[in-house]
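Participant: Model the structure of this input:
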Amino acid sequence: MPGGRLTQQDRQQIALGLADGLAYAEIARRVDRPTSTITREVMRNGGPTAYRADLAHRATERRAHRRRPAAPREAEASRQPHGRDAEAVREYEELFTTVLMGSGMPKMMARVMASLTLSDSGSLTASELARHLQVSPASISKAIAFLESQGLARRERDERRRERYVVDDDVWYQSMIASARAIAHLVDIARQGVGVLGAQTPAAVRLENIARFADFVSESTVRAAEQARAILHTKSQTPAGDSGEPGQGQGQGQG
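Facilitator: Reported below is the predicted structural model:
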């Protein structure tokens, strides 16, 4: 497959493929690129319904001009644990971030979530995150507050009394349970409205239908999450001495 950046012609082919309702894998075959490249390109430029070739090309050029010079590939690769390819890890982290953004997560929150998820320890300090993402500690703090509110991250203190931000191995289970609780709250509020508006009135019937639907979804979500965790959840062991910081082999002792 050819290397280098996508050309404007490539992007036009992507736009045509999206308009025809083709899957990313089929579009990738047509432009002779990896499916991950197409997924990342579309998700970071408006998603499948809003992607425009000319706008995507100009946005990519602007990002290229703003991008800071990267560290030499050899130096970066030397800090990768488990013999990982530094460039492949960087590209995958970008892809993972754009997919999280496509699901509705704000950009900075998605970047922090991706960094935590892809660290072997699942745990980073504010300074490690700020250094890795090249953003301010204030941006990290705001992102963590959002992730906590969604049940996607938590805080803890390490042996040096530093605050660390953690994604647990069952983070998506916790998030699903939090979502189910929010839906259950909607059920309660909708049924309160039935009493306020008067049973059998059109508005009250509408609220009752909302409550029944949301109640079914909430119960089904909890049941499915419990079953999935019991059947599918596995634990991984990180070898002693490996850093959890994305792209680095040292760093747990810094901050």
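Participant: Show me the contact partners of stretch 186-204.
Facilitator: 207-208, 210-211, 214-215, 218 (CB atoms under 8 Å, 6 or more residues apart in numbering). Where C-beta positions appear, they are placed from N, C-alpha and C, glycine not excepted.
Participant: Which residue lies nearest the spatial centre of this structure?
Facilitator: Geometric centre of the chain, nearest residue: residue 100, 3.0 Å, by CA atoms, centre = their mean.
Participant: show me where pLDDT drops low in this protein?
Facilitator: Counting by pLDDT under 70, the ranges of the chain that qualify are 1-4, 63-79, 233-255.
Participant: Look through the protein and tell me its longest helix.
Facilitator: What stands out as the longest helix in the chain, according to DSSP state H, is helix 202-232.
Participant: Can you point out the buried residues in that one?
Facilitator: Judged by neighbour count (16 or more other CB atoms under 10 Å), helix 202-232 contains these buried residues: 204, 207-208, 210-211, 214-215, 217-218, 221-222, 225, 229.
Participant: same check, this time on stretch 100-107
Facilitator: With burial defined by 16+ other CB under 10 Å, the residues of stretch 100-107 counted as buried are 100-102, 105.
Participant: Repeat that for stretch 36-54.
Facilitator: Buried residues in stretch 36-54, counted by 16+ other CB under 10 Å: 36-45, 48, 51, 53.
Participant: what residues does it touch?
Facilitator: Contacting residues not belonging to stretch 36-54 are listed as 6, 8, 11-12, 14-15, 18, 24, 27-28, 31, 55-56, 59-60, 91-92, 94-95, 98-99, 101-102 [CB under 8 Å, 6+ apart].
Participant: Kindly export it (C-alpha atoms) in PDB.
Facilitator: Coordinates of each C-alpha in stretch 36-54 appear next as PDB, following Å, rounded to 0.1, in the frame of the first residue of the first chain:
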ATOM      1  CA  SER A  36      -7.600   2.600   9.800                       C
ATOM      2  CA  THR A  37      -6.400   5.500   7.600                       C
ATOM      3  CA  ILE A  38      -9.900   6.000   6.200                       C
ATOM      4  CA  THR A  39     -11.600   5.700   9.500                       C
ATOM      5  CA  ARG A  40      -9.300   8.300  11.100                       C
ATOM      6  CA  GLU A  41      -9.600  10.700   8.100                       C
ATOM      7  CA  VAL A  42     -13.400  10.600   8.200                       C
ATOM      8  CA  MET A  43     -13.900  10.800  12.000                       C
ATOM      9  CA  ARG A  44     -11.600  13.700  12.400                       C
ATOM     10  CA  ASN A  45     -13.200  15.700   9.600                       C
ATOM     11  CA  GLY A  46     -16.900  15.700  10.400                       C
ATOM     12  CA  GLY A  47     -17.900  12.000  10.400                       C
ATOM     13  CA  PRO A  48     -19.500  10.000   7.600                       C
ATOM     14  CA  THR A  49     -22.500  12.400   7.200                       C
ATOM     15  CA  ALA A  50     -20.600  15.700   7.200                       C
ATOM     16  CA  TYR A  51     -17.300  14.800   5.500                       C
ATOM     17  CA  ARG A  52     -16.300  17.100   2.700                       C
ATOM     18  CA  ALA A  53     -13.100  16.500   0.600                       C
ATOM     19  CA  ASP A  54     -12.100  20.100   0.100                       C
END
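Participant: from the chain's centre, how far out does that stretch sit?
Facilitator: Computed by CA atoms, centre = their mean, to the nearest Å, the chain-centroid distance of stretch 36-54 equals 16 Å.
Participant: Over to stretch 29-42?
Facilitator: With CA atoms, centre = their mean as the basis, stretch 29-42 stands 19 Å off its chain's centre.
Participant: how long is that stretch from one end to the other?
Facilitator: Chord length of stretch 29-42, first to last residue, is 15 Å (CA to CA, to the nearest Å).
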